[in-house]
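Peer 1: Need coordinates for the following:
(2 chains)
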Amino acid sequence: MERPVKPLVNRPVLARRAPEISDGALVARMCEGDTSALGVLYDRHAKALYTFLSRVTSTGEAEDLVQITFMRAGSLADRFDPARGEPRAWLFGIATRVAQESRRSIVRKARAVFRSIVAPVSIQESTKTDVVRALDSLSEAKRVVVVLAEVEGFSCQEVADMLEIPIGTVWTRLHHARGDLRAFLERGAP
Amino acid sequence: MSAPCARLWEVEAERDGRLDDDARASATRHRAHCRACREEHTALHSLGRRLADEEGPAWDALAQKRLRGKVLAGANEARLRAPSSHKRVAALVAFAAVMVIGLVAWKRAPKGTPPAPIASIELRDEGGAIYERATLDGTEHVYLRAGTLGIKVRHDAVTHLLVHVPDGEIEDLGTTFHVSVHGGATTRVSVDEGRVLVRKANGDRDGRLVSAGETWEPDPALEKASTQATVATPIPASAAPTSAVVLRGPSPEPKPALTKRTVPAASASASASASATVSAPAGSAVHPPSEEDATYMRAVSLLRAGRRDEARAAARRYVVLYPNGLRRQEMDVVAE
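Peer 2: Here you go, the predicted structure:
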């Protein structure tokens, strides 16, 4: 019987070599100045962060934001508190703030204008699925919450901690986001 | 079409973790019998699955590796640039030390207020004393208008005291002494310890040295004659002396005789407070201050209030109006 060949894409090499090292231990090593620990953390979570940032920003700058996220994680490692959650949630929290800052920056707006000129919207839209378009139709606040909870699988409490908002706000945003998504998907793409 | 259920909200609440164990168990039991809730549960589950199963945008392995290299290079660079924890602590300690030193220096720096009077000088009102006290250029000045003032000076290198009386001044040479002024003239200077130098405005430039146990009292006849002479022949500006005392008298008067003290010191109690201005007691005869005194006092008051520029202007005014004034030298210093 022939064994199925698993794709190597998105399978971090270093993460396979050091499966015994937990994310928390890696962050602790980062505090001691071990940048290779940051590399292992990158191998484990870069793809997920890239996907998340692509969904919540929709401006094609996810790669830059992933870089900023890990750079910031390297400099903020000594502030990581294991009692407040897992390193994965901590990384997503940093990524969320990076995305918010990016949206606010004038530089990003200038880049968006440039990209809209270079790549027409119709071409971009044609490659998107209904689900992605439904996500894009949501407001930024709802999109971030629904992606973190439904796609990345974080609990509502973890999302509230990441975004530093009350858990009731998370529940409310999630409820409205689901309603909007269902309505969008039921009536189909415009 | 199934009828809406009142417990439909529990499906989403259960998914979001809003229900406790009992409520969740109850919702699960209810769902087994409620079609609407089952459909809602399925719809939410289906939506979540669609979202989770949605493939993210393609990110090729090469781009991922390239970014990894950038991240690690940036982290290494940041680590090299960042000061070590020891250096950071040392920098913080140095900064804190500089701040503390700066704060102490700031607290100790003069704030435009007059300098505190020298603590080693004690003034004691021994009978209707009207006086003011000021520190000017490191010298303590006491301006006695009337009454008797007991003065005790603990001699040290810093303290230098001048007692200004209406008709002259008394320079302390490290001592305890008493000065009496009545009717605008010095009537008595008695010394307990040390010695003082009494200079009369209309007297000789060298003054009279009064030692411990001695008392100086003016001769009334000579005082009257010298006062008349002063009025008759004022001294020209060019003849102003260069010593700390301006003597307005044109010729030396005969020296009054020094007498042994007969009046015991009535003091030794508590000292007068520094910088105090003693008001005249009711009914006491106070010699009205002259225009010259008023001009001088205005300059001194401004100086004590820290209003340096105005004090300088007032001092210049004094110098212009009274070129041979008793306070000329002091005003020259202030006017500079």
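
Peer 1: partners of the biggest strand by length in chain B, with directions?
Peer 2: Determined from DSSP state E, the single longest strand within chain B is strand B:139-153. Here strand B:139-153 has these sheet partners by DSSP bridges: strand B:121-125 (antiparallel), strand B:130-136 (antiparallel), strand B:161-165 (parallel), strand B:176-182 (antiparallel).

Peer 1: What residues does chain B have near chain A?
Peer 2: The interface of chain B toward chain A, taken as C-beta under 8 Å from any C-beta of the partner chain, is made up of B:12, B:16-18, B:43-44, B:47-48, B:50-52, B:54, B:56-57, B:59-61, B:63-64, B:67-68, B:70-72, B:74-76, B:78-79, B:82. All C-beta spots, glycine's among them, are computed from the backbone N, C-alpha and C.

Peer 1: Please indicate which of the residues you listed are buried?
Peer 2: Buried subset of the residues of chain B next to chain A (neighbour count, 16 or more other C-beta atoms under 10 Å in any protein chain shown): B:12, B:16, B:18, B:44, B:47-48, B:50-51, B:54, B:56-57, B:59, B:64, B:67-68, B:70-72, B:74-75, B:79.

Peer 1: Among those residues, which lie within helices?
Peer 2: Applying DSSP state H to those, the entries found in helices are B:12, B:44, B:47-48, B:50-51, B:64, B:67-68, B:70-72, B:74-75, B:79.

Peer 1: By proximity to chain B, which residue of chain A wins?
Peer 2: As assessed by C-beta to the nearest C-beta, chain B sits closest to residue A:51 within chain A, at 3.0 Å.

Peer 1: Next one, pLDDT for residue A:154 please.
Peer 2: Residue A:154 carries a pLDDT value of 90.

Peer 1: which SS state does it fall under?
Peer 2: Three-state call for residue A:154 (DSSP: H, G, I helix; E, B strand; the rest coil): coil.

Peer 1: Distance-wise, check residue A:169 relative to residue B:130.
Peer 2: Using C-beta to C-beta, to the nearest Å, we find residue A:169 at a distance of 77 Å from residue B:130.

Peer 1: do the same with residue B:59
Peer 2: Between residue B:59 and residue B:130 the computed distance is 95 Å (C-beta to C-beta).

Peer 1: One more: residue B:35?
Peer 2: 108 Å.

Peer 1: gap between residue B:293 and residue B:186?
Peer 2: Counting by C-beta to C-beta, the gap from residue B:293 to residue B:186 is 15 Å.

Peer 1: Comparing the two, which shows the higher neighbour count?
Peer 2: residue B:186 (24 against 18; other C-beta atoms under 10 Å in any protein chain shown).

Peer 1: secondary structure element for the residue of chain A closest to chain B?
Peer 2: Residue A:51 is located in helix A:35-57, with elements delineated by DSSP states H and E.

Peer 1: just the CA coordinates of that helix, formatted as CSV?
Peer 2: The C-alpha trace of helix A:35-57 is given here as CSV (Å, rounded to 0.1, in the frame of the first residue of the first chain):
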residue,chain,number,x,y,z
THR,A,35,17.1,34.6,18.5
SER,A,36,17.0,31.0,17.2
ALA,A,37,14.1,30.5,19.6
LEU,A,38,12.3,33.3,17.7
GLY,A,39,13.0,31.3,14.5
VAL,A,40,11.3,28.2,15.9
LEU,A,41,8.4,30.3,17.0
TYR,A,42,8.2,31.8,13.5
ASP,A,43,8.2,28.3,12.0
ARG,A,44,5.3,27.3,14.1
HIS,A,45,3.1,30.3,13.8
ALA,A,46,4.1,32.4,10.8
LYS,A,47,1.7,30.8,8.4
ALA,A,48,-1.3,31.0,10.7
LEU,A,49,-0.5,34.6,11.4
TYR,A,50,-0.1,35.3,7.7
THR,A,51,-3.6,33.8,7.1
PHE,A,52,-5.1,35.7,9.9
LEU,A,53,-3.5,39.0,8.9
SER,A,54,-4.6,38.5,5.2
ARG,A,55,-8.2,38.0,6.4
VAL,A,56,-8.4,40.9,8.7
THR,A,57,-6.5,43.5,6.6
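
Peer 1: So which bits of that helix are buried?
Peer 2: A:35, A:37-57.

Peer 1: re the thing from before, measure the residue of chain A closest to chain B to residue B:34 for me?
Peer 2: Note on residue A:51: its distance to residue B:34, by C-beta to C-beta, is 36 Å.

Peer 1: Then residue A:180?
Peer 2: From residue A:180 across to residue B:34, the span is 25 Å (C-beta to C-beta).

Peer 1: Look at these two and report which has more neighbours.
Peer 2: Neighbours per residue (other C-beta under 10 Å) separate residue A:180 from residue B:34, with residue B:34 holding more: 21 against 18.

Peer 1: so who does the more buried one touch?
Peer 2: Neighbour list for residue B:34: B:5, B:7 [criterion: C-beta atoms under 8 Å, 6 or more residues apart in numbering or on different chains].

Peer 1: do the same with the one 3 residues further on
Peer 2: The neighbours of residue B:37, taking C-beta under 8 Å, 6+ apart as the test, are B:5, B:7-8, B:10-11, B:27, B:30-31.

Peer 1: With the flanking residues excluded, which residue is spatially nearest to it?
Peer 2: Among residues not flanking residue B:37 along the chain, residue B:31 sits closest, at 4.6 Å (C-beta to C-beta, 6 or more residues apart in numbering or on different chains).

Peer 1: What is the neighbour count of the one you found?
Peer 2: Residue B:31: 20 surrounding residues under other C-beta under 10 Å.

Peer 1: That one against residue B:38, yeah?
Peer 2: Yes: contact criterion C-beta atoms under 8 Å: residue B:31 and residue B:38 qualify, at 5.6 Å.

Peer 1: Please identify which residue in chain B comes closest to chain A.
Peer 2: Ranked by C-beta to the nearest C-beta, the top residue of chain B for proximity to chain A is residue B:56, at 3.0 Å.

Peer 1: That residue against residue A:50, yeah?
Peer 2: Yes: between residue B:56 and residue A:50 a contact is recorded at 6.9 Å, counting by C-beta under 8 Å.

Peer 1: Retrieve the pLDDT associated with residue 115.
Peer 2: Using chain A. On pLDDT, residue A:115 comes in at 61.

Peer 1: Chain B, not that one
Peer 2: At residue B:115, pLDDT is 45.

Peer 1: Low-confidence bits of chain B, can you list those?
Peer 2: Within chain B, the stretches with pLDDT under 70 are B:1-3, B:79-87, B:109-119, B:136-138, B:155-160, B:173-174, B:202-206, B:219-289.

Peer 1: Got the domain ranges for it?
Peer 2: B:9-51, B:121-288, B:289-336 (automatic domain parsing).

Peer 1: ends of the first one, how far apart?
Peer 2: Looking at domain B:9-51, the gap from its leading to its trailing residue is 21 Å under the measure C-alpha to C-alpha, to the nearest Å.

Peer 1: Residue A:133 belongs to a strand?
Peer 2: No: counting by three-state DSSP, one finds residue A:133 to be helix, located in no strand.

Peer 1: measure it to residue B:78 for me?
Peer 2: Following C-beta to C-beta, the distance that separates residue A:133 from residue B:78 is 39 Å.

Peer 1: tell me the contacts of residue A:131?
Peer 2: By C-beta under 8 Å, 6+ apart, residue A:131 lies in contact with A:185, B:50-51, B:54.

Peer 1: ok, it to residue B:318 distance?
Peer 2: Computed as C-beta to C-beta, the residue A:131 to residue B:318 distance reads 94 Å.

Peer 1: go on, residue B:10?
Peer 2: From residue B:10 across to residue B:318, the span is 95 Å (C-beta to C-beta).

Peer 1: Compare the two (neighbour count), which wins?
Peer 2: Taking neighbours as other C-beta under 10 Å, residue B:10 and residue B:318 compare with residue B:318 leading, 26 against 23.

Peer 1: In three-state terms, how would the more buried one be classified?
Peer 2: Following three-state DSSP, we place residue B:318 in the helix state.
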